[in-house]
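Student: sequence and predicted model, in that order:
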Amino acid sequence: MSQYVVGGQSLVLSQADFIAQGGEGALYGQADYAYKIYHDSKHMIPQKKMDALSQLSSDYIVKPLQPVCNHQQRTVGYQMHWVKDTLPLVKLFSNGARQQLGVTPESTLALIQQMQTVIQSVHDAGMVMVDGNEMNYLVDGQSLTQAYFIDVDSYQTPAFAAKVLMPSIRDWSAQVFDARSDWFSFAIIACQLLVGIHPFKGRHPQLKSKDLKQRQLKNLSIFNAQTTLPPTVRDFDLIPEDLKNWFVALFEQGKRCPPPDIVGSCRFKPTFQYLTQLHQFETRCVVELPEPITGYAYVQGQHWGMTAASLWHQQQAYPKAAETVCVWQPDSAPCGQGAGIFQVYREHGVVCVADEHGVLLWRGIRCDDFMLTAARIYVKHGAYLYEIKHSRIGQKDYFSSVNQWSTMPLATQVCRGCWVQNILGKTFLSTPYAAGKCTTVAVPEMDGSQVLEGAYVSGVSVFTVYQNNRYHRYILIWDASHARYQIRQHADIDYRDVNFCVLNHGLVLLITAEETLEVFQATAAEATVKVIHDPQISTDMRLFSAQDQAIFCLGHRVYQWHMKH
């Protein structure tokens with residue numbers, strides 16, 4: 001617990017207020033405000049720069065408000081507004097997350113227009129963002145059309161120059177940082193929001209795929225006729241004509257000019273997404289629905305699909321209990337008694353469970369977030385995570401809290417099947433690997449990283465993190481006690497959804513960011529990884545398991561698949 005002074009008022013920050021820790025300092029939150037406390041007060045931004053940043057007028061710029069002083073009256077940090085219920089903008093690049101979140105072409109264009117307006121307000125105030133990378137924006141989780149601008153203390157003002165920016169959004173032809181370099185960075189972000197690929201990625205015969213600097217200097221972009229694009233790239237018709245012309249001017253012709261005043265509208269018309277036959281696999285369509293499939297469950301030998309509007313079983317639609325639900329198949333549901341699935345969702349800050357027809361069965365406890373395993377529901381509220389047990393007596397379902405664990409209230413991130421804690425900059429993974437059993441283990445390889453997405457299934461954890469200005473993927477294989485692990489890394493990857501499944505006999509299938517399939521055992525002492533290259537494998541193929549059968553969902557269909565003999 002530490003005492004500070006803000007605006008003449010006493011401020012006490014404790015471990016319960018801790019949110020995260022980075023290279024420069026720690027972040028805390030109380031009520032409507034967040035506080036950045038520097039590790040070394042020598043790195044604190046000068047008061048004159050804080051005064052300059054106060055001139056930024058947009059409510060979407062999370063700027064320093066006033067200094068935070070220690071008991072010796074030395075400035076050690078600053079106060080800012082705390083924006084909540086947001087998500088990193090990078091999540092909107094990937095197709096899977098967009099589908100789960102309900103991102104549309106129209107909401108994407110509205111977001112781009114809002115970001116453009118705020119950037120223009122920065123320039124009107126005589127400042128330059130410089131490092132306008134995707135991790136310096138947080139998107140409002142409800143509207144998905146408004147971005148908050150963070151890390152504002154790094155902006156360039158007339159009296160204070162900026163020196164650092166992420167290489168992926170840098171204009172390598174620029175000699176100075178100015179409005180033109182900002183607009184170039186914004187164009188790279190806008191392009192990825194619209195079509196899901198960096199404008200200087202893809203394969204070009206003249207240069208290596210990761211040589212962004214040379215690709216940019218030679219103006220060899222995704223709009224070049226010789227560039228080959230991965231199958232996950234979204235239709236270029238999602239780009240309004242005026243905006244596309246601007247992209248071509250910047251990325252193909254080397255021009256440097258501001259964006260068009262009006263973003264415009266797209267000409268895109270949704271179409272069914274079907275599989276082109278995989279070269280090395282036999283595939284069989286087992287379900288086809290009239291809408292894109294957003295979720296899947298295999299229950300008592302039956303395939304269940306979920307779309308934005310309904311649950312589906314054998315071409316019959318069931319109503320969803322809420323707009324966003326998770327399908328849960330507890331192992332406590334006896335065979336032959338009912339459908340065996342439940343809809344779990346959060347409503348008005350409370351976890352709720354409904355049956356397959358959307359009929360409410362249990363309005364439970366207060367809930368900040370929740371996750372599901374085959375055994376239990378796990379609900380996070382405040383400083384605790386509760387284990388919820390299901391039981392069935394006769395024809396009636398009962399739900400009760402049976403265990404609880406302490407967590408960092410603001411520094412705990414609930415993932416699929418596990419949760420991650422950032423404890424003063426150190427990464428700890430908590431895994432409820434069986435009913436009533438949970439381990440918390442330090443993972444120093446992930447220290448200093450921001451976990452963007454993660455999942456645990458049957459002895460395997462996979463995480464995508466942002467670390468040292470790069471995206472990395474970590475794959476952990478746990479021993480039977482879940483106290484020790486083996487880890488390997490996919491370093492410096494493009495951001496993609498975590499996408500893997502574990503079959504009943506322990507075989508793991510994982511689709512990488514490079515659109516390859518990794519196959520390995522979840523229980524091997526030294527996991528031997530087989531990498532399968534097939535031009536039709538893509539991260540849009542969302543992997544699931546049906547006992548010992550591998551499943552993937554793509555577009556409107558569910559497929560079974562296995563290697564050709």
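Tutor: Happy to help now that I have it. Numbers count the residues shown, from 1 in each chain.

Student: got the buried residues for the helix or strand where A317 lies?
Tutor: Element membership for A317, per DSSP states H and E: strand 316-319. Buried residues in strand 316-319, counting neighbours by 16 or more other Cβ atoms under 10 Å, are found at Y318. Bear in mind the C-beta positions are built from the backbone N, C-alpha and C, glycine included.

Student: where do the strands of the stretch 351-500 of the chain begin and end?
Tutor: 360-366, 369-372, 376-381, 384-393, 396-406, 412-414, 419-423, 426-434, 437-442, 450-457, 460-467, 470-478, 485-493, 500-502 (DSSP state E, counting those that start in this stretch).

Student: gap between the residue nearest to D32 when sequence neighbours are not counted and A161?
Tutor: Ranked by Cβ to Cβ, 6 or more residues apart in numbering and with sequence neighbours excluded, the top spatial neighbour of D32 is W82, at 5.8 Å. Noted for W82: a distance of 29 Å to A161, by Cβ to Cβ, to the nearest Å.

Student: between these two, who's got more neighbours?
Tutor: The residue with more neighbours, out of W82 and A161, is W82; 17 against 11, by other Cβ atoms under 10 Å.

Student: got a list of what that one touches?
Tutor: With contact taken as Cβ atoms under 8 Å, 6 or more residues apart in numbering, W82 is in contact with G29, Q30, A31, D32, Y33, A34.

Student: now intersect the residues you listed with the helices, please.
Tutor: Among the contacts of W82, none falls in helices (DSSP state H).

Student: in ChimeraX, select just the buried ones from those residues.
Tutor: Applied in ChimeraX, the following selects the buried portion of those according to 16+ other Cβ under 10 Å:
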select :29,30,34
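
Student: surely T427 is in contact with T440?
Tutor: No: at 11.0 Å, T427 does not count as touching T440 under the criterion of Cβ atoms under 8 Å.

Student: more neighbours: which of these two?
Tutor: Legend: neighbour count by other Cβ under 10 Å for T427 and T440, higher for T427 (22 against 16).

Student: now the nearest residue to that one once chain neighbours are set aside: how far from Q192?
Tutor: Leaving aside its sequence neighbours, T427 sits nearest to M446 (Cβ to Cβ, 6+ apart; 4.1 Å). When Cβ to Cβ is the yardstick, M446 and Q192 sit 25 Å from each other.

Student: flag the shaky bits of the stretch 151-300 of the chain, pLDDT-wise.
Tutor: The model of the stretch 151-300 of the chain has pLDDT under 70 over residues 209, 268-276.

Student: what number of residues lie near I511?
Tutor: I511 - counted by other Cβ under 10 Å - has 23 other residues nearby.

Student: okay, and the beta partners of it?
Tutor: In this structure, I511 bridges to L517 when assessed by DSSP bridges.

Student: partner residues bridging the closest residue to L372 other than its chain neighbours?
Tutor: Residue nearest to L372 in three dimensions, not counting chain neighbours: W328, with 4.9 Å by Cβ to Cβ, 6+ apart. Beta bridges link W328 to F342 when assigned by DSSP bridges.

Student: again with V139
Tutor: Beta-bridge partners of V139, as defined by DSSP bridges: L87, A147.

Student: pretty sure it is touching V90, no?
Tutor: No: applying Cβ under 8 Å as the test, V139 and V90 come out as separate, 9.5 Å apart.

Student: more neighbours: which of these two?
Tutor: Using other Cβ under 10 Å, the more surrounded residue of V139 and V90 is V139, with 25 against 22.

Student: next up, the contacts around the more buried one.
Tutor: Residues near V139 by Cβ under 8 Å, 6+ apart: T86, L87, P88, L89, K91, L92, L111, Q146, A147, Y148.

Student: now the strands of the stretch 351-500 of the chain in TSV, with distance to Q521?
Tutor: Shown next, in TSV, are these (distance: least, Cβ to Cβ, whole Å):
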stretch	distance to Q521
strand 360-366	37
strand 369-372	25
strand 376-381	26
strand 384-393	29
strand 396-406	29
strand 412-414	28
strand 419-423	25
strand 426-434	17
strand 437-442	21
strand 450-457	14
strand 460-467	10
strand 470-478	8
strand 485-493	11
strand 500-502	10
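
Student: would you turn those into JSON lines with mean pLDDT and distance to F236?
Tutor: As requested, the strands of the stretch 351-500 of the chain are exported to JSON lines (pLDDT from 0 to 100; distance: least, Cβ to Cβ, whole Å):
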{"stretch": "strand 360-366", "mean pLDDT": "96", "distance to F236": "44"}
{"stretch": "strand 369-372", "mean pLDDT": "95", "distance to F236": "36"}
{"stretch": "strand 376-381", "mean pLDDT": "96", "distance to F236": "41"}
{"stretch": "strand 384-393", "mean pLDDT": "93", "distance to F236": "44"}
{"stretch": "strand 396-406", "mean pLDDT": "93", "distance to F236": "48"}
{"stretch": "strand 412-414", "mean pLDDT": "95", "distance to F236": "35"}
{"stretch": "strand 419-423", "mean pLDDT": "91", "distance to F236": "36"}
{"stretch": "strand 426-434", "mean pLDDT": "94", "distance to F236": "39"}
{"stretch": "strand 437-442", "mean pLDDT": "96", "distance to F236": "45"}
{"stretch": "strand 450-457", "mean pLDDT": "96", "distance to F236": "26"}
{"stretch": "strand 460-467", "mean pLDDT": "96", "distance to F236": "26"}
{"stretch": "strand 470-478", "mean pLDDT": "96", "distance to F236": "24"}
{"stretch": "strand 485-493", "mean pLDDT": "94", "distance to F236": "24"}
{"stretch": "strand 500-502", "mean pLDDT": "96", "distance to F236": "30"}
